[in-house]
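[1] Below is the structure, and that's it, no one-letter string:
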């Protein structure tokens, strides 16, 4: 006979086993983790409305950027000096003003001009006296009252007096004087029309003669200007005379000026190891002012393979450029890229961020709007 204690022990064990099983069955099933997309990864219910474009390679001209400044055209700039020394008594123009040919620039009280005027008056008196002596000798010679040698001597004296008068008159005019209006004041006038781009004289200042250093004024015709850029020696092989150049100015940020390289200096600056590259630009409205800072982009004849995508595939956001690249499972990832220039046919250069063969959304702005509406 099985003892009563054994029977009770078996009953308790069975009860414990069945009780544990029931409690396990009563527990709710654990939740499965949801598949949450990463930040910057998007998936739409239907992505067939968005066309894709493939990242391709294209041979494009090499471009080089260099800094420079706007300068007057040296072939259209005239340096104004005074050949007579003295002191400025009236300064009539200032730096940056436009002057016309023949306009008075300044007035100088000049001892040199005063001395030249005295010499001219003396030479004029000597010539008048010599001319009268010649007339008298001719009358006497015709009446046989004087030999021929006296007539020849009078003629020589007259010729010498005329030469001295001519020389003194030329010197007087060279210093800015006028024999018909004798004065010791030099009225320095503009030799050409243009803008005063340099001024090295102020009112009541003493100036030198002949060896003026520097010049008093520089007058330039600014209807055409130079943009002079510094190109480092390592990049000189990428620029050639005749290459196209795009000029952008800080002072005129909304406009791009187009020109061609007119000259490349044969001498390097020993301090910067760069050469001067000159671009000639027309300036009919005078908007290009000397001294303006410029950034020049040169398009070289050498070509290089670069990645390109349609311009609409690149979106500008938060000072960065982005594309939406297609990934597996119908997902799209927002990728930051380094965008370059836009080609004439609307393709956008991409320097980094994606690879050839990648597929990106053709209209990035439309896709971004659809993603934002889905979140809302």
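    Yes, it's here. Keep in mind the model is a prediction, meaning the values are calculated, not measured.

[2] Three-state assignment for the nearest residue to residue 347 once chain neighbours are set aside, please.
    Spatial nearest neighbour of residue 347, chain neighbours left out: residue 308 (4.3 Å); criterion: CB to CB, 6 or more residues apart in numbering. Bear in mind the C-beta positions are built from the backbone N, C-alpha and C, glycine included. Residue 308 carries the three-state label strand when classified by DSSP: H, G, I helix; E, B strand; the rest coil.

[3] Now for residue 66, how many residues are close by?
    Look at residue 66: counted by other CB atoms under 10 Å, it has 20 neighbours.

[4] Isn't it up against residue 279?
    No - Residue 66 is beyond contact range of residue 279, at 10.0 Å (criterion: CB atoms under 8 Å).

[5] what touches both of those two?
    Shared contacts of residue 66 and residue 279 (CB atoms under 8 Å, 6 or more residues apart in numbering): 229, 296.

[6] For residue 213, report the pLDDT, please.
    We have a pLDDT of 64 for residue 213.

[7] I meant to write residue 260 there.
    Residue 260 is assigned 92 on the pLDDT scale.

[8] Give me the secondary structure label for the residue nearest the centre of the chain.
    Nearest residue to the geometric centre of the chain (CA atoms, centre = their mean): residue 294, 2.6 Å. With three-state DSSP as the basis, the three-state label of residue 294 is strand.

[9] Now do the same contact list for residue 129.
    residue 161.

[10] any weak-confidence spans in the stretch 101-250 of the chain?
    Along the stretch 101-250 of the chain, the parts satisfying pLDDT under 70 run over 209-213.

[11] repeat for the stretch 251-376 of the chain
    Within the stretch 251-376 of the chain, the stretches with pLDDT under 70 are 373-376.

[12] so where do the helices sit in it?
    364-375 (DSSP state H, counting those that start in this stretch).

[13] Neighbours of residue 147, how many?
    The number of residues near residue 147, taken as other CB under 10 Å, comes to 12.

[14] same deal with residue 351?
    Residue 351 has 11 neighbours, counted by other CB under 10 Å.

[15] Contact partners for the spatially closest residue to it that is not a sequence neighbour?
    Ranked by CB to CB, 6+ apart and with sequence neighbours excluded, the top spatial neighbour of residue 351 is residue 338, at 4.2 Å. Neighbour list for residue 338: 321, 350, 351, 352, 353 [criterion: CB under 8 Å, 6+ apart].

[16] Not counting sequence-adjacent ones, nearest residue to the second one?
    Leaving aside its chain neighbours, residue 350 sits nearest to residue 307 (4.6 Å; criterion: CB to CB, 6+ apart).

[17] what's the answer for the first one, then?
    Taking CB to CB, 6+ apart, and ignoring the residues beside it in sequence, residue 321 has residue 339 as its nearest neighbour in space, at 4.1 Å.

[18] Just grab the bridge partners of the one you found for me.
    When assigned by DSSP bridges, residue 339 has beta-bridge partners residue 350.

[19] Would you mind confirming that it is in contact with residue 354?
    No - look at residue 339 against residue 354 with CB under 8 Å: they stay out of range, at 10.7 Å.

[20] what residues are up against residue 153?
    Counting by CB under 8 Å, 6+ apart, residue 153 has contacts residue 137.

[21] That concludes my questions; thank you for your assistance.
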